[in-house]
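In: Build me a model:
(one chain, ligands or ions: 1)
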Amino acid sequence: MADLEGAGESRTYHAGVPQRDVGFFLKGMGHYDWGLQNRMARIFDPRSGRTVMLAFDHGYFQGPTSGLERIDLSIVPLVPLADTLMLTRGVLRSLIPPAGAPAVVLRASGGPSVLRELSNEEIALDVEEAIRLNAAALAVQVFIGGEHETKSVHNLTRLVDQGNRYGIPVLAVTAVGREMVRDAKYFRLATRICAELGAHYVKTYYVAEGFDTVTSCCPVPIVIAGGKKLPELDALKMAAAAVAQGASGVDMGRNIFQSEAPEAMLRAVRAVVHEGVSAEVAHALHLRAKQGGEGA
Ligand code: 5RP
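Out: All right, here's what the predicted structure looks like:
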């Protein structure tokens, strides 16, 4: 039993000091409960307000993607450098060491393979399983304008209902059909619908024109996907432009794990996103690290 001696004599009431209420650092998240805010703060670094998510969930519809054939060899060494991992529960359990792992965002929708109509997804993860795996968030694909648009939107809203019940944020991933135009007008529509329907943050693609209008009219944080592999400097320029125009970070896959020097690339992306280093400087650091010189 605790020693009670002196317990009743404390005089440090600080009666004249008003309690300071600290607001939450992420856009649109101020009214959520403690557990949900805590999970968001495991994904987004409170110091910069941004995140570098390492995405390697591509196998959930396309199998062993180039660069992800052996996740134990290509991705596991990168794990300590990411703020957050975006992956499937299968890979999490099979290949990711639980000790020291950063926040995980679990792929929670799926169904069709790359051989079929991709928008025809179902919810593919139970919220209890997400809790068991200590997930920081759930990710669901939303196909605005797609053949199964309504079904994918219902997948989002059902996961948001479950996520809010247990304090688990939901990341809406805006998926663009091959035939659709990827412009600011489309992404304003898609991201805003996801946020209106309760997504806690939204993943979209960067567009060269008008991206600031996509972020400004979305009431919750936006992160960008990297998309197909680009030359490293171009990928870094894209990340820099996105955060300068209001993105809260990146959820990047192929531009990191398909790079010739994935670790150096991930460090360079971190420098751009968290430290505001220019793409050119980050690229120079990347080249130096790649050549075995001093790291970025
Ligand atoms: C797959 C995804 C990926 O996580 C997302 O596209 C990010 O990866 P990349 O940077 O390679 O585009 O949602 O559907």
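
In: distance of Arg47 from Phe25?
Out: Distance of Arg47 to Phe25, computed by Cβ to Cβ, to the nearest Å: 9 Å. Any C-beta I mention is one placed from the backbone N, CA and C, and that applies to glycine too.

In: Which one's more surrounded, those two?
Out: Set side by side, Arg47 and Phe25 show unequal neighbour counts under other Cβ atoms under 10 Å, the larger going to Phe25 at 16 against 8.

In: quick one, what contacts the more buried one?
Out: Contacts for Phe25 were tallied using Cβ atoms under 8 Å, 6 or more residues apart in numbering; they are Ala41, Phe44, Pro46, Gly49.

In: Filter those residues down to the buried ones, PyMOL style.
Out: Buried subset of the contacts of Phe25, written as a PyMOL selection, criterion 16 or more other Cβ atoms under 10 Å:
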select buried, resi 41+44
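
In: Go through the contacts of Phe25 and flag which are in helices.
Out: Cross-referencing the contacts of Phe25 with the helices (criterion: DSSP state H) gives Ala41 as the overlap.

In: can you tell me which of the contacts of Phe25 are in strands?
Out: Assigned to strands by DSSP state E, none of the contacts of Phe25 qualify.

In: any chance of the contacts of Phe25 in TSV, plus distance to Leu73 and pLDDT?
Out: Putting those into TSV (distance: Cβ to Cβ, whole Å; pLDDT from 0 to 100) gives the following:
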residue	distance to Leu73	pLDDT
Ala41	31	98
Phe44	29	98
Pro46	33	98
Gly49	33	98
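
In: Nearest to Glu263 among the contacts of Phe25?
Out: The closest of the contacts of Phe25 to Glu263 turns out to be Phe44 (Cβ to Cβ; 22.2 Å).

In: Might you report the residue contacts of that closest one?
Out: The neighbourhood of Phe44, defined by Cβ under 8 Å, 6+ apart, consists of Phe25, Leu26, Arg50, Thr51, Asp83, Pro221, Ser248, Gly249.

In: Any idea what the third one is bridged to?
Out: In other words, Arg50. Under the criterion DSSP bridges, Arg50 forms beta bridges with Asp45.

In: Tell me who's in contact with it.
Out: For Arg50, the contact set (Cβ under 8 Å, 6+ apart) comprises Phe44, Val243, Ser248, Gly249, Val273, His274.

In: ok, now with 6 Å
Out: Applying Cβ atoms under 6 Å, 6 or more residues apart in numbering, we find Arg50 in contact with Ser248, Gly249, Val273, His274.

In: Which single one of those residues is nearest to the ligand?
Out: Gly249 (12.3 Å; Cβ to the nearest ligand atom).

In: Return the set of residues that bridge with the closest one.
Out: Assessed by DSSP bridges, Gly249 has beta-bridge partners Thr51.

In: is it true that it touches Thr51?
Out: Yes. In this structure, Gly249 is within contact of Thr51 by Cβ atoms under 6 Å, at 3.7 Å.

In: The two - which one has more neighbours?
Out: Here Gly249 and Thr51 are compared on neighbour count by other Cβ under 10 Å; more neighbours surround Gly249, at 29 against 26.

In: Helix or strand next in line after the longest helix along the chain, which one?
Out: Using DSSP H to define each element, the chain has its longest helix at helix 149-166. With elements assigned by DSSP states H and E, the helix or strand that comes after helix 149-166 is strand 170-174.

In: Any part of that following strand near the ligand?
Out: Yes. For a cut-off given as Cβ under 6 Å from any ligand atom, strand 170-174 has contacts with the ligand, namely Val173.

In: mind listing what that strand pairs with, with the direction of each?
Out: In the sheet containing strand 170-174, the strands it pairs with under DSSP bridges are strand 137-142 (parallel), strand 201-204 (parallel).

In: okay, now Val22: neighbour count?
Out: As a burial measure, the neighbour count of Val22 was computed by other Cβ under 10 Å and equals 6.

In: Relative to Pro46, how far out is it?
Out: When distances are taken as Cβ to Cβ, Val22 and Pro46 turn out to be 10 Å apart.

In: With Gln291 instead?
Out: When Cβ to Cβ is the yardstick, Gln291 and Pro46 sit 34 Å from each other.

In: Going by proximity to the ligand, name the top residue of the stretch 1-150 of the chain.
Out: Counting by Cβ to the nearest ligand atom, the stretch 1-150 of the chain gets nearest the ligand through Ala55, at 3.3 Å.

In: How many residues are close by that residue?
Out: 26.

In: for the stretch 151-296 of the chain, which spans come out with low pLDDT?
Out: 293-296 (pLDDT under 70).

In: Repeat the analysis, applying 50 as the threshold.
Out: For the stretch 151-296 of the chain, applying pLDDT under 50 flags the ranges 294-296.
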